[in-house]
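Enquirer: Sharing a model prediction with you, sequence too.
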Amino acid sequence: MVSQSNGVAKIFILGPANSGKTSIARFLATANRSFALNTTPSTSIERFKTLVLALQVNIFVTPGQKRFKARNFEYLCGIIDPKSVILYVVDASERTKMDDYLKEFMEIMNKVEAVFQKTFPREKIEVAFLAHKQDLTGSLSVKNIFSNGVMQKISKTFPHINLHLYDTSIFMPTSLLGVIADLVLSKIIPVNSIKGMLTYLRDYAEAEAVIIGDGMGLPIFFSGNSGLTSWSAAFAARIIESLEREKEIANSLKDEAYIRLLNSSRTIKIRLNLALEESEILTYIFQCKEHSISLTLINARNKANALDAYAMKAVEVLFSKIYLETIGHECTRAGD
Ligand SMILES: Nc1nc2c(ncn2[C@@H]2O[C@H](COP(=O)(O)OP(=O)(O)OP(=O)(O)O)[C@@H](O)[C@H]2O)c(=O)[nH]1
Ligand SMILES: [Mg+2]
């Protein structure tokens, strides 16, 4: 579940044992897939803190084993509020257990509904059901799990719950970031207009995919072929990271010339063209005051000169939209 106030979101992740809850939280907190996947069964509530664009996200992961059920319920009901978002995760490849998982999910929905009826009768809470591990063969899609009839029944039975359905996998980072963009970021930044801009840019560039990544390398927004989009945001993050490392080395060696070169401007704009044999990845990075975002175009067919200027301007505009409240006008005045 996620709740936001003053630029802080709280995400609580629930669901049966071994469904991938800790992996999801680890991935969102680090963008590191091997760290995310290398888990052991949890025995207590785990807390993670991360920054997704300008938003601080606090993630709370409950342990899934049945012996923790009562304690998890108690914890959840004690701190739930209308700004919270619940992520309920199941392993979608566990076909034979799906009925049990749905029963458990309904049990939690009942408790949440009861808390809301009593404490927040006029409010609603966002809940996302994640049919996770979609990379495994035989996994059920969320559409298979929830037919239209079931959804209608749920919305009637739980009038205080807004239920959203997602197919996710750690191997498809955009699937997880889609959940965060829809349910968490949409409350602080104009997600729909950013998505609209990406679609426009993809059409203009005739690109296979367009991706906005954050400083950590998470693919926050994307348009186009989602298989291609997942990892490309990581390139830009690695470039920023190595630039930061060079700055640190120059500072520690007191290498004046190098410091002047790297610190010469408040803002850093990078344009990178990665020409592979049959593909081309164009990346534009805008960095200021330790914040950065990247815009990546995959296989753009339109090579018009205007594309470069347009894409760089787009990434600057996005940066100002996203970080205006956090760092003010300082970084963007020059680009206006
Ligand atoms: N194939 C695949 N495996 C995944 C995915 N996400 C997580 N896993 C694996 O699933 C197993 C369980 O993941 P955890 O994150 O520990 O599961 P959990 O829900 O936290 O489990 P508990 O702590 O016992 O409640 C681990 O071996 C993960 O590597 C995924 O998207 N695809
Ligand atoms: Mg766990």
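Expert: Great, that's in hand. Numbers count the residues shown, from 1 in each chain. Ligands and ions are numbered 1, 2, ... in the order given.

Enquirer: And the helices in this protein?
Expert: 21-30, 33-37, 69-79, 98-119, 142-145, 148-157, 173-183, 191-205, 226-229, 232-253, 256-262, 306-327 (DSSP state H).

Enquirer: Which other helices and strands does the last one contact?
Expert: If you count contacts as 3 or more C-beta pairs under 8 Å, 6 or more residues apart in numbering; DSSP states H and E, helix 306-327 packs onto helix 191-205, strand 267-275, strand 280-288, strand 291-298. All C-beta atoms are positioned from the backbone trio N, CA, C, and that covers glycine.

Enquirer: Name the stretch among those that sits most buried.
Expert: strand 291-298 (a mean of 26; mean count of other C-beta atoms under 10 Å).

Enquirer: Tell me which strands that one pairs with, and in which orientation.
Expert: Take DSSP bridges as the rule and strand 291-298 pairs in its sheet with strand 209-214 (antiparallel), strand 280-288 (antiparallel).

Enquirer: Would you reformat the ones you listed as a markdown table and include mean pLDDT and distance to residue 42?
Expert: Output for the strands paired with strand 291-298, formatted as a markdown table (pLDDT from 0 to 100; distance: least, C-beta to C-beta, whole Å):
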| stretch | mean pLDDT | distance to residue 42 |
| --- | --- | --- |
| strand 209-214 | 92 | 26 |
| strand 280-288 | 92 | 36 |
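
Enquirer: just so I know, which of those strands lies nearest ligand 1?
Expert: Taking C-beta to the nearest ligand atom, strand 209-214 is the member of those nearest to ligand 1, at 19.7 Å.

Enquirer: re the thing from before, would you turn the helices and strands packed on helix 306-327 into JSON lines with distance to ligand 2?
Expert: Output for these, formatted as JSON lines (distance: least, C-beta to the ion, whole Å):
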{"stretch": "helix 191-205", "distance to ligand 2": "29"}
{"stretch": "strand 267-275", "distance to ligand 2": "36"}
{"stretch": "strand 280-288", "distance to ligand 2": "34"}
{"stretch": "strand 291-298", "distance to ligand 2": "31"}
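
Enquirer: Columns distance to residue 253 on top of those, output as JSON lines?
Expert: What follows is the helices and strands packed on helix 306-327, written out as JSON lines (distance: least, C-beta to C-beta, whole Å):
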{"stretch": "helix 191-205", "distance to residue 253": "40"}
{"stretch": "strand 267-275", "distance to residue 253": "20"}
{"stretch": "strand 280-288", "distance to residue 253": "22"}
{"stretch": "strand 291-298", "distance to residue 253": "24"}
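
Enquirer: Ligand 1: which of those is closest?
Expert: Per C-beta to the nearest ligand atom, nearest to ligand 1 of those: strand 291-298, 22.8 Å.

Enquirer: what's the angle from that closest one to helix 306-327?
Expert: 150 degrees (axes from the mean of the first three to the mean of the last three C-alpha atoms, to 10 degrees).

Enquirer: count of neighbours near the residue of the stretch 201-336 of the chain found nearest ligand 1?
Expert: The nearest approach of the stretch 201-336 of the chain to ligand 1 comes at residue 230, 11.9 Å away (C-beta to the nearest ligand atom). When neighbours are counted by other C-beta atoms under 10 Å, residue 230 registers 22.

Enquirer: excluding its backbone neighbours, what's nearest residue 15?
Expert: Spatial nearest neighbour of residue 15, chain neighbours left out: residue 89 (3.8 Å); criterion: C-beta to C-beta, 6 or more residues apart in numbering.

Enquirer: is it true that residue 101 touches residue 94?
Expert: Yes: under the criterion of C-beta atoms under 8 Å, residue 101 makes contact with residue 94 at 7.3 Å.

Enquirer: dump the residue contacts of residue 298.
Expert: 207-211, 224-225, 228-229, 232, 279-282 (C-beta atoms under 8 Å, 6 or more residues apart in numbering).
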